[in-house]
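Trainee: Give the three-dimensional model of this entry:
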Amino acid sequence: MIKRKVVFLDRDGVIVNNSEHYYIYRIEDMKYNSGVFEKLKEFATKGFEFILISNQSGIAKGEYKISDTEKIHQQIKKDFKIRGLNLIDDYFCPHHPTKSKCLCRKPNSLMIEKAIAKWNVDSESSFMIGDSDSDVKAAEKAGLKAFKIEPNKGIYI
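Mentor: Next comes the predicted model:
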């Protein structure tokens, strides 16, 4: 079986601009960071596919529901597909450390590890792009290289 090259992407701050709304859970509040799709197309031309890895603690805090996050992710998948980008999966942690303990919330690496196993990801060729130290730590724990970018400024690596 051929191993896949994947760019793991944090959602808020990396793909979706959250400078006006910390929690993005309504389609009408969602806007993409400038130039994000152009940069992802560059990766796609090099054979990369994409997986979203996102902490969504607003669910545990009662700010929004799992179904709200699922709607946002469905829209993101649709928007990737329209642009010819293969978003093969999305993972999100609905927990918050003040509400419950879990193994999936970044900086833990369970979401990434599940994706690597499920999608036969080549960890040597794949990497994570995030906007926080927890993104970088999660990727490194899973054996991936990681790039930390400035939130909501686009992907410049």
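
Trainee: Figure out the helix or strand that residue 54 lives in.
Mentor: strand 48-55 (DSSP states H and E).

Trainee: Just give me how far that strand sits from the chain centre.
Mentor: Distance of strand 48-55 from the chain centroid (CA atoms, centre = their mean, to the nearest Å) equals 4 Å.

Trainee: Please apply the same query to stretch 86-94.
Mentor: With CA atoms, centre = their mean, you get 7 Å for stretch 86-94.

Trainee: Same question for stretch 141-156.
Mentor: Using CA atoms, centre = their mean, the offset of stretch 141-156 from its chain centre is 10 Å.

Trainee: Where does pLDDT dip in this protein?
Mentor: Across the chain, nothing is flagged by pLDDT under 70.

Trainee: which residue ranges form the strands in it?
Mentor: 5-9, 48-55, 87-93, 127-130, 145-148 (DSSP state E).

Trainee: Just checking: what are the partner strands of the longest one?
Mentor: Which is strand 48-55. Using DSSP bridges, the strands paired with strand 48-55 are strand 5-9 (parallel), strand 87-93 (parallel).

Trainee: Minimum distance to residue 123: which of those has it?
Mentor: Closest of the strands paired with strand 48-55 to residue 123 is strand 5-9, at 9.1 Å (criterion: CB to CB). C-betas here are computed from N, CA, C, even on glycine.
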